[in-house]
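**Student:** Sequence and predicted structure below; questions after.
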Amino acid sequence: MIRGDKAGLRARHEDDVRVLHRELYDDVATRSRADSRAWRPIVADSAESPYAVTASSDEAACFSVVDLKAQELAGEALLWNIDTHNRNAHLGISLLPAFRGRGLGGDVVRLLCHCGFVVRGLQRLQVETLADNAPMIAAATGAGFPLRAPCAPPPGHTEVSPTRSSSACWPTNGGSEPPDRR
């Protein structure tokens with residue numbers, strides 16, 4: 001387990017799948033905001049569940065988040081779209097509703113940075129989130145990611161909903177040191 005001050009990242013256990021699926025995937029509104037793929041009904045014990053325990057992959061590192069004080073499953077975290085040639089990846093977190101607002105998000109982002117920069121040897125991590133996702137923006141900026149302007153729609157397209165625009169954050173890393181890992 002990779003341990004921080006409040007949270008830990010560990011391999012996904014079979015026991016985690018039903019909880020993560022029920023609390024995160026079956027919350028259609030939240031899941032639709034968190035994933036670029038369209039939501040569709042999937043049963044928790046299906047191999048198609050996004051939380052299913054699978055073989056390790058070079059393209060993604062999926063973790064279960066543990067609240068170290070309570071010693072309970074608190075959510076999921078991942079490095080995704082890992083590109084070992086260009087040495088970059090994206091990071092994402094999703095905390096169970098009962099664990100939101102406890103300060104775990106910032107710790108999880110710092111742990112993912114440690115995993116990406118120190119453990120995996122990556123040189124760039126990127127965060128995309130919705131412009132109105134204040135907790136994720138705070139977690140990312142608190143871990144050293146400078147906030148960038150919201151993404152503009154592609155030429156010829158009209159932005160339909162301002163809440164669907166993305167804010168992108170990139171670390172100031174220079175390839176040598178991870179952002180602040182308090």
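**Tutor:** Nice, thanks for sending it over. The structure displayed is predicted, hence computed values, not measured ones.

**Student:** Show the low-confidence segments of the protein, by residue range.
**Tutor:** 149-182 (pLDDT under 70).

**Student:** So which residues make contact with the longest strand anywhere in the chain?
**Tutor:** For the chain, the strand that runs over the most residues, judged by DSSP state E, is strand 72-83. Identification of contacts with strand 72-83 by CB atoms under 8 Å, 6 or more residues apart in numbering yields 7, 9, 12, 16, 19-20, 24, 51, 58-67, 88-96, 99, 104, 108, 111-112, 115-116, 120, 122, 125. (Glycine included, C-beta is placed from N, CA and C.)

**Student:** doesn't Leu24 fall inside a helix?
**Tutor:** Yes: under DSSP: H, G, I helix; E, B strand; the rest coil, Leu24 falls within a helix.

**Student:** C-terminal to the helix or strand that contains Val108, what's the next element?
**Tutor:** If you go by DSSP states H and E, Val108 is part of helix 104-113. Heading C-terminal from helix 104-113, the first helix or strand you meet, by DSSP H and E, is strand 124-130.

**Student:** could you check the angle helix 104-113 makes with that next one?
**Tutor:** 150 degrees (axes from the mean of the first three to the mean of the last three CA atoms, to 10 degrees).

**Student:** Which strands or helices does strand 124-130 pack on?
**Tutor:** strand 88-95, helix 104-113, helix 134-142, strand 166-169 (3 or more CB pairs under 8 Å, 6 or more residues apart in numbering; DSSP states H and E).

**Student:** and with 7 Å instead?
**Tutor:** If contacts are counted by 3 or more CB pairs under 7 Å, 6 or more residues apart in numbering; DSSP states H and E, strand 124-130 sits against strand 88-95, helix 134-142, strand 166-169.

**Student:** What strands line up against that strand, and which way round?
**Tutor:** Partner strands and pairing direction for strand 124-130 (DSSP bridges) are strand 88-95 (parallel), strand 166-169 (antiparallel).

**Student:** quick check: angle from that strand to helix 134-142?
**Tutor:** Angle of strand 124-130 versus helix 134-142, following the same axes, to 10 degrees, is 160 degrees.
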